[in-house]
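[1] with the input below, show me the fold.
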Amino acid sequence: MLPAAQINYMTAGNRVPHLHTHVTSRYRDDPATGTPLPDEQNVEMPEAQWREDAAALSALLAQVTDGHEARRR
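    Residues are numbered from 1 along each chain as shown. Below is the predicted model:
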């Protein structure tokens with residue numbers, strides 16, 4: 001994974017109690033680095049790709065959680 005130049009995020013809660021967050025990496029070759037995310041039509045990502053990305057994010061979050069739990073003991 002390449003290091004991002006910055007990370008944009010937006011978090012919202014709706015009527016149903018939950019947390020909904022968009023996390024978007026912005027890279028140096030991004031045509032709009034340093035500006036808000038463009039409000040354009042979404043690009044469909046292949047299911048295999050978003051499943052792979054979700055699994056990788058889940059693994060990273062598990063590492064952070066495991067490390068946090070170990071420090072609490």
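
[2] any idea where the helices of the protein begin and end?
    Secondary structure of the chain, counting by DSSP state H: helices at 47-72.

[3] low pLDDT regions in it?
    Regions of the chain meeting the criterion pLDDT under 70 cover residues 1-2, 38-39, 42, 67-73.

[4] distance check, the residue nearest to the spatial centre of the chain against Ala62.
    The residue lying closest to the centre of the chain (C-alpha atoms, centre = their mean) is Val23, at 3.2 Å. Val23 is 17 Å from Ala62, where distance means C-beta to C-beta, to the nearest Å. Where you see a C-beta, it was placed from the backbone N, CA and C, and this is true even at glycine.

[5] give me the neighbour count for Val64.
    Using other C-beta atoms under 10 Å, Val64 is surrounded by 9 other residues.

[6] an error on my part: the question was meant for Pro3.
    Under the criterion other C-beta under 10 Å, the count of neighbours that Pro3 has is 7.

[7] isn't Leu37 up against Tyr9?
    No: under the criterion of C-beta atoms under 8 Å, Leu37 is not in contact with Tyr9, lying 9.9 Å apart.

[8] who's more crowded, these two?
    Between Leu37 and Tyr9, counted using other C-beta under 10 Å, Leu37 has the larger neighbour count: 13 against 9.

[9] residue contacts, the more buried one?
    Under the criterion of C-beta atoms under 8 Å, 6 or more residues apart in numbering, the contact list for Leu37 reads Asn8, Thr24.
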